[in-house]
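Peer 1: After the sequence you'll find the predicted model.
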Amino acid sequence: MNEKNLVRKITGIGILTALTIILQIVANVLPTGTLSISLTLFPIALCAVLYGPLAGLFLGMVEGLMVLLSTGTEFFLAYNPVATVIMCLLKTGLAGLAAGFIMMPLKKKHPLIGSILASFSVPIINTGLFILGTFFIFSGAFNYSISGDYFVFILVGLIGVNFFIELAINGFLSPALYRIYQIVTTKMNVGASKEKEE
């Protein structure tokens, strides 16, 4: 990777990191339901699609750190602080990592399909790991405060429609922004080539 591309990559990851932090702050201010809708998943998917699995992992872990610092995790931290830290960091981190790996084989020949699949994978993996972690690690804490079927409580009480909204946002925004990025960079490269010829 040449110096110009490296600077572009670092700048891009920096911008998406700042966007993730801002969106997490907004989610804390405007909560919806038991859990706030995570607007931070589409920058993670976009970062993974543009810059690869490690960039997706990094930004996913940044988002996990922001979740730890936000409101809404006190209940989990009080019950099991170590497991809460691990779950918060890994669920979005692994989602970003997986999105990058999904995009890799499709980036050259089928970039739009790759970006769509990678974008849908982030909320699915993030929510799936949250459900598994809550079910296997934190079930004891919830058994004291709820009655009825615990798994239904996780799906309806904790996840609800938030997951489907996150899925829709991610499935639309990340591929759309990736396509815009492709168009802009193609025009920039064409412009640079013309300047060299002149």
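Peer 2: Perfect, thanks for sending it.
Peer 1: In this structure G171 contacts A118, no?
Peer 2: No. Contact criterion C-beta atoms under 8 Å: G171 and A118 do not qualify, at 10.3 Å. From N, CA and C alone the C-beta is placed, and that goes for glycine too.
Peer 1: The two: who's more crowded?
Peer 2: Between G171 and A118, counted using other C-beta atoms under 10 Å, the more crowded position is A118 (30 against 18).
Peer 1: So the nearest residue to the more buried one once chain neighbours are set aside versus Y79, what's the distance?
Peer 2: Leaving aside its sequence neighbours, A118 sits nearest to A99 (C-beta to C-beta, 6 or more residues apart in numbering; 4.0 Å). For A99, the distance to Y79 equals 30 Å [C-beta to C-beta, to the nearest Å].
Peer 1: Which residues are in contact with the spatially most central residue of the chain?
Peer 2: Nearest to the mean C-alpha position of the chain, by C-alpha atoms, centre = their mean, lies L41 at 3.0 Å. Neighbouring residues of L41 by C-beta atoms under 8 Å, 6 or more residues apart in numbering: 63, 92, 95, 122-123, 126, 166, 169-170.
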